[in-house]
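J.: fold the following and give me the result.
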Amino acid sequence: MIWAISVVLALAGLVLLAVAAWRLLGGLKQLNSGLDRVHERAGEVQDLQERLNLTLAEVQRTTAALPEK
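T.: Residues are numbered from 1 along each chain as shown. Okay, the predicted model is just below:
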């Protein structure tokens, strides 16, 4: 009888462990998805920074070419 109770408790523990692992994997997948979006946004920010730098350089060249008063 004690062996049967031990086996049932061990199986219940394994089921709980499997459920916890399943939930953890789901959370990791969501985290990975979020990280992919962050990398995508970082690439967009870098592109915008490059465009801003080019625009600033053009403004400086244009300003330097203007006649002084």
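
J.: against K29, how distant is the spatially most central residue of the chain?
T.: For the chain, the residue nearest the mean C-alpha position is L35 (1.4 Å; C-alpha atoms, centre = their mean). L35 sits at a distance of 11 Å from K29 (criterion: C-beta to C-beta, to the nearest Å). Using the backbone N, CA and C atoms, a C-beta is placed for each residue, glycine as well.

J.: the residue nearest to the centre of the chain: what secondary structure?
T.: Reducing the assignment at L35 to three states with DSSP: H, G, I helix; E, B strand; the rest coil gives helix.

J.: can you give me the distance of it to L25?
T.: 15 Å.

J.: and for L17?
T.: When C-beta to C-beta is applied, the distance between L17 and L25 equals 13 Å.

J.: contacting residues for E58?
T.: With contacts defined as C-beta atoms under 8 Å, 6 or more residues apart in numbering, E58 has no neighbours.

J.: now it, what's its secondary structure?
T.: When the structure is split into helix, strand and coil by three-state DSSP, E58 lands in helix.

J.: ok, now how distant is it from E50?
T.: Counting by C-beta to C-beta, the gap between E58 and E50 amounts to 13 Å.

J.: go on, G26?
T.: Following C-beta to C-beta, the distance that separates G26 from E50 is 37 Å.

J.: L11 now?
T.: From L11 over to E50 (counting by C-beta to C-beta), the distance is 59 Å.

J.: what is the burial count for L56?
T.: Burial of L56, expressed as a neighbour count using other C-beta atoms under 10 Å, amounts to 10.

J.: check what pLDDT it gets.
T.: On pLDDT, L56 comes in at 97.

J.: just A65 next, same as before
T.: Per-residue confidence for A65 comes out at a pLDDT of 86.
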